[in-house]
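Peer 1: Kindly return the folded structure for what I paste below:
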Amino acid sequence: MLIFRWIGHPRFLLAFRFLAALLASAPLLFLITGIAAQSLGPDPGQKVTESLGLAAFQLLVATLCMTPLKRWTGWVGWIRIRRMLGLFAFFYATLHVLAFLQFILGWTDLWATFTKRPYIVAGALSFLMLIPLAMTSARGMVRRLGKSWKPLHKLAYPSVVVAWVHFIWQARSDVGEMMFYGLVILVLLAVRWKWAGSRGMIPFVRG
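Peer 2: Numbers count the residues shown, from 1 in each chain. Sure, this is the predicted structure:
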């Protein structure tokens, strides 16, 4: 059909990648605009930190949606933006960590403060799991790792779960948004389980 030929055209795929990159950049652009306009409220540091963390989490969830969307629609375009979304997620997560250290936690006596706040431990674990994913996302690393690449990148599943715990742990009253994301993650994990079993979600295990 003409529609399938059209969406499979290289120019359409390029435009789709550009649109995805633009949407992924939007949270940072909004923050920069808000900082310039001084419209981030009475505690801009807190707002910046929270917005960066939420953007990282949303993009991580979006990254995990790409394979199911490809299988359900049969369109390869979803997979073409998966790596880019994952790198955006890591980029925002890195900025979130730096903003948290700068505006909230501080750079002094890190260990004492770190161990007194369990949600920070969860966030740190999630971030640490993202590091090897970002470092091995390039095509050259995919070829170099060979069959070990997919087992390593299953770290995305525990990473998104622990990130959700990080957010829900620090939520005080309004947990509705995080409950919605939790439901989305549960569906994604259930779909993965159906397709590949438990071995399909356990990092470093082939299957």
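Peer 1: buried set for the strand or helix carrying Ala55?
Peer 2: For Ala55, the host element (DSSP states H and E) is helix 44-73. Neighbour-count burial for helix 44-73 flags 47-67, 70 (criterion: 16 or more other CB atoms under 10 Å). Placement of C-beta: from N, CA and C, glycine included.
Peer 1: Show me what secondary structure element comes after that helix.
Peer 2: helix 77-80.
Peer 1: Report the central residue of this structure.
Peer 2: Computing the C-alpha centroid of the chain and ranking residues by CA atoms, centre = their mean puts Leu60 first, at 1.9 Å.
Peer 1: what about stretch 51-64, distance to the chain center?
Peer 2: 4 Å (CA atoms, centre = their mean, to the nearest Å).
Peer 1: Restrict that stretch to CA atoms and write it as PDB.
Peer 2: What follows is stretch 51-64, C-alpha atoms only, in PDB (Å, rounded to 0.1, in the frame of the first residue of the first chain):
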ATOM      1  CA  SER A  51      12.300  18.500  35.700                       C
ATOM      2  CA  LEU A  52      15.500  16.900  34.600                       C
ATOM      3  CA  GLY A  53      14.900  13.800  36.500                       C
ATOM      4  CA  LEU A  54      11.400  13.400  35.300                       C
ATOM      5  CA  ALA A  55      12.500  13.900  31.700                       C
ATOM      6  CA  ALA A  56      15.200  11.200  32.100                       C
ATOM      7  CA  PHE A  57      12.600   8.800  33.500                       C
ATOM      8  CA  GLN A  58      10.000   9.500  30.800                       C
ATOM      9  CA  LEU A  59      12.600   9.000  28.000                       C
ATOM     10  CA  LEU A  60      13.700   5.800  29.600                       C
ATOM     11  CA  VAL A  61      10.100   4.500  29.600                       C
ATOM     12  CA  ALA A  62       9.700   5.700  26.000                       C
ATOM     13  CA  THR A  63      12.800   3.800  25.000                       C
ATOM     14  CA  LEU A  64      11.400   0.600  26.300                       C
END
